[in-house]
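>>> got a predicted model here, sequence first, then my questions.
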Amino acid sequence: MAEQHPIMEILHSGASLRILDPQREPLTAEVRRIEKRLQFTFPESYRDFVAFGGLNELAFSNAILSPIEILKEKSRIADRDLIPFASNGFGDFYCWRQNDQPEPPVYFWDHDGGNATPVTGSFTEWLRASKR
């Protein structure tokens, strides 16, 4: 039996609160356009998450941002090296630090203190921990 892709495994685990809205699924071209504007290559796991329709899955404890939302929210963080990819709804973000790692660790950025604290080693690990 073939092993399931880790992102698909996460998306298919537990109850789903998936919305069927094709407008919410960004195209690969949009992902590339935002990466170019940010001068940051999203982790492959995030690109897979977007490609598999993960942005339509609401069964995560935090709102995972689309590429265009990432670009918009980045301006709210004073630390220019942080790329936000999810929001907890209270002004805090989960981020990647801009670097050359293909699967960078995840940081929690607290808007009150402006501090970034390491949370997990990758987006995939963070997704597993965030699934309701």
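Received, thanks. Numbering: from 1, shown residues only.

>>> can I assume Pro118 is in contact with Arg97?
No: contact criterion C-beta atoms under 8 Å: Pro118 and Arg97 do not qualify, at 9.2 Å. Just so you know, the C-beta spots here come from the backbone N, C-alpha and C atoms, and that holds for glycine as well.

>>> those two: who's more crowded?
Between Pro118 and Arg97, counted using other C-beta atoms under 10 Å, Arg97 has the larger neighbour count: 16 against 10.

>>> count the residues that sit near Asp92.
16.

>>> over to Pro43?
20.

>>> cool, the one 10 residues further on as well?
A count of nearby residues for Gly53, using other C-beta under 10 Å, gives 16.

>>> gap between it and Glu35?
Gly53 sits at a distance of 19 Å from Glu35 (criterion: C-beta to C-beta, to the nearest Å).

>>> now do Ile77
17 Å.

>>> ok, Ser87 next?
20 Å.

>>> pLDDT weak spots in the chain?
Along the chain, the parts satisfying pLDDT under 70 run over 1-2, 19-27.

>>> what's the longest helix in it?
helix 28-38 (DSSP state H).

>>> next, the buried residues of that one.
Val31, Ile34, Glu35 (16 or more other C-beta atoms under 10 Å).

>>> elements contacting the helix or strand following it?
Scanning forward in sequence from helix 28-38 by DSSP states H and E, the next helix or strand is helix 44-51. Applying 3 or more C-beta pairs under 8 Å, 6 or more residues apart in numbering; DSSP states H and E, we find helix 44-51 packed against helix 6-11, helix 28-38, helix 123-130.

>>> centre-most residue in this protein?
Geometric centre of the chain, nearest residue: Phe85, 3.9 Å, by C-alpha atoms, centre = their mean.

>>> nearest spatial neighbour of it, chain-adjacent residues omitted?
Spatial nearest neighbour of Phe85, excluding adjacent residues (C-beta to C-beta, 6 or more residues apart in numbering): Leu65 at 5.5 Å.
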